[in-house]
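Engineer: turn this into a model:
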Amino acid sequence: MSASLVRVRFAPSPTGYLHVGGARTALFNWLIARRTPGGKLVLRIEDTDRRRHVEDSLPKILSDLRWLGLAWDEGPEAGGDCGPYYQSRRLEIYQRYVKQLLEDGKAYYALETPEELAAMRAAAPKGSFQYRRPSPRPTIEQGEAARKQGRPVVVRFLMSEEDVAIRDEILGPVVLSGAELEDFVIQKSDGWPTYHLACVVDDELMGITHVLRGQEHLINSPKHVSLQQALGFRTPAYAHLPIIFNMNGSKMSKRDKEKALARGETPPEIDVHDFRVAGYLPEALLNFISLLGWSTGDDTEQMSLEEAVGRFEIGAINKSNAKFDRDKLLAFNTDWAQRVSPARLLEAFKDFLAVNDSPMRSQDDDTLAYVLRICAGFRSFRDVEAKAAILFAPDETVEYSPKALKKVLRKKEGQGFAMLEDVLPRLEALAEWTTETLEQCIADSCEQQDRKLGEVAQPIRVAVTGTTISPPIYDTLVLLGKPGTLNRVRSALALKEQE
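Structural biologist: Numbering: from 1, shown residues only. The predicted structure is shown next:
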């Protein structure tokens, strides 16, 4: 196959945010398209399952892809940011192929009611139900008459009992027993196609040459190959990607979040949007998920998308399942935060502030760049938020940690409060509010009280933030400003007489 003809697709269903496993599928398809001259990535929205359709999920998926920087090449409109294909807008196309299969005797109307099917399942041994085609099969005329009467009529594909062989680019030869495959539905009672039919038709009409998808879809491949053969279509090259597991061996699922919430725990990041809100750089996340099931063949791990394009090969994807090591991802993100340019870091930080509705989001670029500089070495933007956001919040929102009050301000008979009483008039007297003047002011307080820097700086930190965590003390006070600093120190001193 000519490399210039390589066409791949990413085909999410609009049922919510983009799962990190789906992001890896999108990334691997994107890498193949960029790896080969003339390669194209088609974005297709598989929205034919109307029961699971979530109305606002599509904008979320597109936003996630754009945040990751995975631009697609083709859709109904031209241009670098063209709209995707929507299966829901292609119903007439699918109906034509259903009609063809019916007329060729390769599909048939099935007239069982939902209640009849439920009874069949109940009568079969647990977990062993398999639909058995009726004999004789309903004619086209009978099926259309039943549909006109309003009966719940579906169309089923006439599956061969012969084994189906697939050549998987990752797993190698795969043979599935035809005897274990039932006649599956290709058109639902409401006239909408099922995933199987729409997927096969679109892959053919869109010229898809390679299908990379998760291993959970391997069970669907015999159905798709059988449909392709019945319709006279090509069979694209299949590559089923290893499943992503948690470090404990459980499958990484969106239900992990529900389970954590039920236990009263902070839910783990599962969707791409979760990682965006948590303060990860898309460069770090892409770099990390590129290694979930694929390796460069040497010790190289941290690399840009451009570097990954030059190295990526389907044949280097592992058969074994991958494990999602969150500690490693956090280490990647720490390194990437130091690796990208200051301008790029600022851009990513502003996005983080926007999606979190942070009190820092209204600050100008110079201020935000200053915050990033003084918090250098952070693991994620959430660390920066934890350190600096309170400096931009209203003074009345400061909540004093009971632990900080006890260990810093009240310890040794209120030594911390004494420090604040000494430094407050010094701060009030400052004509200029700079790191240099603040450093000298606090140094003078330390010298006259014969105290170490931490013994004075830490009470000030608790007074202005409510906690023991902030950027360097002089930068903290500069960002807060003189009025805010004085106001918060006075508020802290008002707690002196409280238990």
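Engineer: contacting residues for the closest residue to M247 other than its chain neighbours?
Structural biologist: If the residues on either side of it in the chain are set aside, M247 comes closest to K323, at 5.5 Å by CB to CB, 6 or more residues apart in numbering. In this view, the C-beta of every residue, glycine as well, is placed from N, C-alpha and C. Each residue near K323 by CB atoms under 8 Å, 6 or more residues apart in numbering is listed here: 244-247, 249.
Engineer: now the buried members of those residues.
Structural biologist: Buried members of these, counted by 16 or more other CB atoms under 10 Å: 244-246.
Engineer: how about those residues in CSV, adding secondary structure?
Structural biologist: Output for the buried ones among the contacts of K323, formatted as CSV (DSSP: H, G, I helix; E, B strand; the rest coil):
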residue, secondary structure
I244, strand
F245, strand
N246, coil
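Engineer: on the three-state scheme, G454 is what?
Structural biologist: helix.
Engineer: do the same with V174
Structural biologist: V174 - assigned by three-state DSSP - is strand.
Engineer: got a pLDDT number for it?
Structural biologist: On pLDDT, V174 comes in at 93.
Engineer: skipping adjacent residues, who's closest to it in space?
Structural biologist: Nearest residue to V174, sequence neighbours excluded (CB to CB, 6+ apart): I166, at 4.6 Å.
Engineer: and the one you found, its phi and psi?
Structural biologist: Backbone geometry at I166, expressed as degrees, to the nearest 10, gives phi -130, psi 140.
Engineer: got a list of what it touches?
Structural biologist: Counting by CB under 8 Å, 6+ apart, I166 makes contact with 173-176, 221-222, 225, 238.
Engineer: how about G16?
Structural biologist: 54, 57, 60, 254, 271.
Engineer: list the buried residues for the lengthiest helix in the chain?
Structural biologist: Longest among the helix segments of the chain by residue count, using DSSP state H, is helix 411-429. The neighbour-count criterion (16+ other CB under 10 Å) identifies 416-420, 422-424, 427 as the buried residues of helix 411-429.
Engineer: so what touches that helix?
Structural biologist: 408-410, 438, 441-442, 444-445, 448-449, 451, 455-456, 458-460, 462-463, 477, 482, 485-486, 489-490, 492-493, 496.
Engineer: I'd like the next helix or strand past it.
Structural biologist: Going down the chain from helix 411-429, the next helix or strand is helix 435-449, by DSSP states H and E.
Engineer: so, low pLDDT: which residues of the chain?
Structural biologist: Scanning the chain for pLDDT under 70 picks out 1-4, 75-83, 499.
Engineer: got the domain boundaries for it?
Structural biologist: Annotated domains of the chain cover 91-241, 341-393, 396-493 [automatic domain parsing].
Engineer: show the end-to-end separation of the longest one, please.
Structural biologist: Here the two ends of domain 91-241 are set 30 Å apart, with distance taken as CA to CA, to the nearest Å.
Engineer: for D202, what are its contacts?
Structural biologist: So D202 contacts 9, 11, 44, 85, 87, 90, 208 (CB under 8 Å, 6+ apart).
Engineer: list just the nearest of the residues you listed to L31.
Structural biologist: The closest of the contacts of D202 to L31 turns out to be R9 (CB to CB; 13.8 Å).
Engineer: which one in the chain is furthest away from the centre?
Structural biologist: Q448 (54.7 Å; CA atoms, centre = their mean).
Engineer: how about the strands in the stretch 51-200 of the chain?
Structural biologist: Ranges of strands in the stretch 51-200 of the chain, per DSSP state E, counting those that start in this stretch, are 85-86, 107-110, 154-157, 164-168, 172-176, 185-187.
Engineer: ok, which of those comes nearest L372?
Structural biologist: Of all these, strand 85-86 comes closest under CB to CB, at 39.8 Å.
Engineer: dihedrals phi and psi, the residue nearest to N487 when sequence neighbours are not counted?
Structural biologist: Distances taken as CB to CB, 6+ apart place D395 nearest to N487, at 5.0 Å, with adjacent residues excluded. D395 adopts backbone torsions of phi -60, psi -40, taken as degrees, to the nearest 10.
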